[in-house]
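1. just a sequence and a predicted model for now, questions to come.
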Amino acid sequence: MSPSIRIALLTCDTPMSAVREVHGDYLAIFSSLLTRSLPSDADKETFVLDNYDVVDKMEYPADADGYDALLITGSGERPSS
């Protein structure tokens, strides 16, 4: 059975190192939050979370209509040039 919910995670930055050390990158953080939000009797394959690095790799979903939701991470302050 395929997952019922497809989610695209548009990653705009990386978490601070202190956060990464404890919780991982944004894909790990959002995956954990979404999994923990499921009812205890839910199939853990309820959703699929695809990660896209929109800043450094300029990755975007080829077909956004193929997703039920788009999540956008926060972005860090970039040093000015």
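-> All right, it came through fine. For clarity, every value in this text was computed on a predicted model and none was experimentally measured. Numbers count the residues shown, from 1 in each chain.
2. only C-alpha atoms from now on, for both contacts and neighbour counts.
-> Will do.
3. what about the strands in this protein?
-> With DSSP state E as the criterion, the chain has strands at 5-11, 47-53, 69-72.
4. most tightly surrounded among these?
-> strand 5-11 (a mean of 19; mean count of other CA atoms under 10 Å).
5. which elements pack onto that strand?
-> Secondary-structure packing of strand 5-11 (3 or more CA pairs under 8 Å, 6 or more residues apart in numbering; DSSP states H and E): strand 47-53, strand 69-72.
6. what would the ones you listed look like in JSON lines with mean pLDDT and distance to Val19?
-> Output for these, formatted as JSON lines (pLDDT from 0 to 100; distance: least, CA to CA, whole Å):
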{"stretch": "strand 47-53", "mean pLDDT": "94", "distance to Val19": "18"}
{"stretch": "strand 69-72", "mean pLDDT": "95", "distance to Val19": "18"}
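7. any chance of those in JSON lines, plus distance to Val22?
-> Shown next, in JSON lines, are those (distance: least, CA to CA, whole Å):
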{"stretch": "strand 47-53", "distance to Val22": "20"}
{"stretch": "strand 69-72", "distance to Val22": "21"}
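8. for Glu59, find the nearest of those.
-> strand 47-53 (5.2 Å; CA to CA).
9. and the residue nearest to the spatial centre of the chain, how far from Gly24?
-> Nearest to the mean C-alpha position of the chain, counting by CA atoms, centre = their mean, stands Leu9 at 3.5 Å. From Leu9 across to Gly24, the span is 15 Å (CA to CA, to the nearest Å).
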